[in-house]
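Visitor: what's the 3D shape of this:
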Amino acid sequence: MPSLSKRLARVMKPQPLVLIILFLSIFFLSGSHSSGNEGFQPAKLNVLLITVDTLRADRVSCYSSQHVQTPNVDSLAERGFVFTRAFAHNPLTLPSHTNILLGTTPPFHGVHDNENFAVRENFLTLAEHLKNNGYLTGAVIGAYPLDSRFGLDQGFDFYDDNFKAKGSPKYAPGERKAEVVVTIAQDWLKKQKGSWFLWMHIWDPHFPYQPPEPFLTHFKDRPYDGEVAYVDSVLGDFFDFLEQAGLYEKTLIVLTSDHGESLGQHGEKTHGILAYNTTIWTPLIMYIPGKEQGKVQQPVSHVDIFPSICDVLGIEKPPFLQGISVLPALKGKKLPERSIYFESLEPYYNFGWAPLRGYIENNKKYFDSPIPELYFLDKDFEENQNKASTKNIEIYKKRLDQTLNGLTHPENSEARIKPDRETLEKLKSLGYVGSPVIMKKEKYGPEDDVKILLPVYNEIADAYTLREKGKVEEGIELLQQIIQKQKKVYFTYIYLAKLYRESNRMQDALDILKQGWDVHPLCYEIISLYSEYLLDAGRFDEVISILDSQTLIRMEHDALLWDYLGLAYMKKGNVEKARKAFETAASVDREYADVYVNLGRLYFSDYLRTKDKNAYGNSIHNYKKAIELEPDNAEAFYGLGVAYMQERRDRDAIYLFEITLILDPGLTKAYYFLGLAYLTNKNLNEAFSCLSAYKKIAYKSLSNEEKKTLDYLINRAKPVSR
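Guide: Below you'll find the model as predicted:
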């Protein structure tokens with residue numbers, strides 16, 4: 001039977017009676033009821049948690065005045081406590097917010113990156129804990145990495161992540177501006193009648209840096225700083241709202257960032273690869289109404305936020321929390337000595353590079369990797385002088401092992417998921433590049449170290465971006481050279497294939513993807529793009545060979561791959577297998593509009609062949625479903641219009657074709673059917689105009705028989721001269 005400490009640490013969400021018994025057990029076992037909040041009187045304060053994504057501490061002017069002024073955040077700092085040495089445990093959005101809202105580190109909760117993990121339901125979140133203590137709970141999310149599918153919505157009465165405007169994995173609108181987030185948050189607050197907990201996640205200043213005016217002009221050469229200034233301005237408006245609503249003095253406010261941004265330091269352009277202080281040193285400001293302001297220079301971390309909020313509110317802290325309350329430090333007391341764990345495992349899980357872990361303790365920072373690093377932060381906070389070669393590094397490695405053993409969940413289970421195509425597309429649109437199921441090595445050498453491979457990563461990205469300057473051939477040449485030297489980075493093959501295709505070299509694109517697949521046989525991104533290109537090249541048997549296989553474990557969770565398989569079978573004339581593949585895609589992702597378009601096409605072609613009324617009805621149903629999910633899907637309107645013409649519903653068809661051409665003027669066949677529908681309705685002028693437009697656009701690509709038919713129709717529609 002597990003020990004008592006392990007049973008307490010399982011973190012299963014307890015029912016009220018179980019919770020009472022659990023807390024009573026802790027009370028009697030500990031022999032003390034002190035929560036560490038001496039000198040603070042519990043109050044029914046509201047709780048506001050503001051997380052600003054990718055905000056470097058030194059870009060907040062109360063931390064450093066060298067870069068950009070942030071007067072509104074500074075005003076919060078002047079009324080509260082500023083923690084000058086606060087650290088994140090991850091340089092990524094999802095795991096960092098999981099650390100904050102669960103009060104535990106990744107070795108415990110199992111969330112290590114943005115793509116491959118989700119918070120398990122059996123964990124108790126800060127929102128759930130506050131809800132259990134009578135709080136109304138709300139969250140407004142700025143970007144897709146915190147979409148509710150990843151599990152951090154647990155315990156929230158209101159979780160607004162409505163930045164998903166379209167119903168197809170091909171679209172990836174994954175973010176919204178700070179002013180939108182703040183407006184929604186204010187609207188929610190206006191409706192609350194009791195004590196509340198609000199989490200407001202602001203995505204700016206995440207890459208790409210696109211501040212609105214006037215910040216774009218004022219920070220022309222420093223767009224990241226411009227986004228920081230923009231966020232500060234928006235927060236100023238929000239703080240004014242709190243003052244005017246009489247809420248500021250009734251609210252515990254915690255402001256932090258999930259991680260920082262490298263901005264080129266240590267060779268990293270953004271974040272997610274390395275774990276230097278450029279990305280894991282974060283601002284942390286805590287305002288407690290009625291308490292004195294000040295600065296805390298002792299090291300703290302994200303997992304300290306949860307227990308500190310509990311102590312300010314005077315409520316019990318759950319037993320599983322791995323952080324400590326920082327309230328004693330606000331009274332000038334020394335916090336317990338401890339190691340602050342950090343990791344950067346995005347490259348490990350997505351690229352197959354060596355894992356990177358470490359800890360901070362007693363002003364020392366140790367990195368465990370094939371090329372270890374050790375820095376003395378009191379003298380070298382920017383981490384320019386690696387002292388690992390001059391010290392007995394085994395001592396630090398042993399200490400890291402002890403730290404990990406103390407943090408790891410008793411059941412040592414990960415929160416792995418298999419991300420679908422929509423997830424990957426949206427994360428890529430936000431600047432994250434990753435592909436799960438990369439093969440891992442048993443032992444990693446210096447050649448696998450992130451510091452060694454990062455320059456290759458940058459070189460690949462730079463080569464691909466040459467296309468934006470019109471230098472596609474130069475980009476192709478550079479990527480070819482990189483593959484000759486370094487085959488470990490899978491997305492080199494992806495980028496090179498895309499450049500080949502842009503240059504109308506489809507066979508070269510297919511060849512390089514096949515080569516990449518041979519090197520990275522489990523890489524989802526390569527398999528997906530290879531299947532897509534084979535489909536476009538008309539090589540349907542090869543698509544079926546790749547995708548109609550039980551070895552592709554990702555297909556269980558990926559609608560797009562099933563869609564590709566359905567298209568291949570449809571092109572081969574196998575209606576039944578195509579239908580099964582499309583319906584599987586729809587069951588995997590019921591909001592994937594394109595698959596309903598393809599089902600509409602499949603049933604309509606079957607109707608034309610068999611005249612089966614059921615097939616016709618299914619076609620209409622699926623086209624309408626696609627339009628319902630995605631009201632600007634031109635293909636759905638076009639297909640429904642063609643289907644209506646079979647029932648002589650020409651006026652309805654005219655309306656649908658007109659919408660089609662508004663949504664997508666490049667869908668040229670709609671001109672033909674629109675002209676045909678006008679001709680049937682005796683509207684000769686419109687018919688002549690549409691058919692003539694179609695002839696001008698498509699005549700050269702038509703067969704001789706199609707040309708004769710088109711010319712005949714144009715002649716019929718030609719207005720009679722008077």
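Visitor: does Tyr341 touch Lys365 like I think?
Guide: No: here Tyr341 lies out of contact with Lys365, judged by Cβ atoms under 8 Å, at a distance of 11.4 Å. No exception for glycine: its C-beta is placed from N, CA and C like everyone else's.
Visitor: what sits in contact with each of the two?
Guide: Overlap of the contact sets of Tyr341 and Lys365 (by Cβ atoms under 8 Å, 6 or more residues apart in numbering) consists of 358-359.
Visitor: for the record, mean pLDDT for the host helix or strand of Ser605?
Guide: Element membership for Ser605, per DSSP states H and E: helix 593-610. The pLDDT scores in helix 593-610 average 95.
Visitor: same deal with stretch 455-475?
Guide: Across stretch 455-475, pLDDT averages out at 91.
Visitor: try stretch 221-232
Guide: pLDDT averaged over stretch 221-232 gives 97.
Visitor: gap between the longest helix seen in the chain and the chain center?
Guide: With secondary structure taken from DSSP state H, the chain has its longest helix at helix 223-244. In this view, helix 223-244 has its centroid 23 Å away from the chain centroid, taken as Cα atoms, centre = their mean, to the nearest Å.
Visitor: what about Leu608, how many residues close to it?
Guide: The number of residues packed near Leu608 is 14, by other Cβ atoms under 10 Å.
Visitor: for Tyr672, same thing?
Guide: 22.
Visitor: confirm for me that it is in contact with Leu710.
Guide: Yes: under the criterion of Cβ under 8 Å, Tyr672 makes contact with Leu710 at 7.4 Å.
Visitor: who touches Phe657 in this structure?
Guide: The neighbourhood of Phe657, defined by Cβ under 8 Å, 6+ apart, consists of 637-638, 641, 670, 673-674, 677.
Visitor: need the nearest residue in space to the residue positioned nearest the centre of the chain, chain neighbours excluded.
Guide: Centroid check for the chain by Cα atoms, centre = their mean gives Pro145 as the closest residue, at 2.8 Å. Closest residue to Pro145 apart from its sequence neighbours, by Cβ to Cβ, 6 or more residues apart in numbering: Thr93 at 4.1 Å.
Visitor: show me what contacts that neighbour?
Guide: With contact set as Cβ under 8 Å, 6+ apart, Thr93 has these partners: 53, 114, 143, 145-146, 258-259.
Visitor: any idea what Phe83 is bridged to?
Guide: The partner list for Phe83 in beta bridges (DSSP bridges) reads Val296.
Visitor: could you list the low-pLDDT ranges of the stretch 601-722 of the chain?
Guide: 720-722 (pLDDT under 70).
Visitor: my bad, should have said the chain
Guide: 1-43, 164-173, 411-440, 549-557, 720-722.
Visitor: try 50
Guide: Within the chain, the segments meeting pLDDT under 50 span 1-43, 165-172, 418, 427-437, 722.
Visitor: on that earlier part again, overlap of the contact sets of Tyr672 and Leu710?
Guide: With Cβ under 8 Å, 6+ apart, Tyr672 and Leu710 have common neighbours 691, 694.
Visitor: ok, and the closest non-adjacent residue to Ser503?
Guide: Val472 (5.7 Å).
Visitor: surely that neighbour touches Arg501?
Guide: No: assessed by Cβ under 8 Å, Val472 is found out of contact with Arg501, at 10.4 Å.
Visitor: where do the helices sit along the stretch 251-400 of the chain?
Guide: Using DSSP state H, counting those that start in this stretch, the helices of the stretch 251-400 of the chain run over 277-280, 305-313, 327-330, 346-351, 393-407.
Visitor: starting at the chain centroid, how far to the fourth one?
Guide: On the basis of Cα atoms, centre = their mean, helix 346-351 is displaced by 15 Å from the centre of the chain it belongs to.
Visitor: just checking, what packs against it?
Guide: Counting contacts by 3 or more Cβ pairs under 8 Å, 6 or more residues apart in numbering; DSSP states H and E, helix 346-351 packs against helix 450-465.
Visitor: which helices and strands sit right next to the helix it packs on?
Guide: Packed against helix 450-465, as judged by 3+ Cβ pairs under 8 Å, 6+ apart, are the following elements: helix 346-351, helix 472-485, helix 491-502.
Visitor: so which of those is nearest Lys398?
Guide: Smallest distance to Lys398 across the helices and strands packed on helix 450-465 (Cβ to Cβ): 21.5 Å, for helix 346-351.
Visitor: contact partners for Ile620?
Guide: 600, 640, 643.
Visitor: between the host helix or strand of it and helix 593-610, how big is the angle?
Guide: Using DSSP H and E, Ile620 sits within helix 613-629. Orientation check (axes from the mean of the first three to the mean of the last three Cα atoms, to 10 degrees): helix 613-629 against helix 593-610 gives 160 degrees.
Visitor: before we move on, back to that, can you lay out the contacts of Thr93 as JSON lines showing distance to His89?
Guide: As requested, these are exported to JSON lines (distance: Cβ to Cβ, whole Å):
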{"residue": "Asp53", "distance to His89": "16"}
{"residue": "Asn114", "distance to His89": "14"}
{"residue": "Ala143", "distance to His89": "20"}
{"residue": "Pro145", "distance to His89": "16"}
{"residue": "Leu146", "distance to His89": "16"}
{"residue": "Asp258", "distance to His89": "10"}
{"residue": "His259", "distance to His89": "9"}
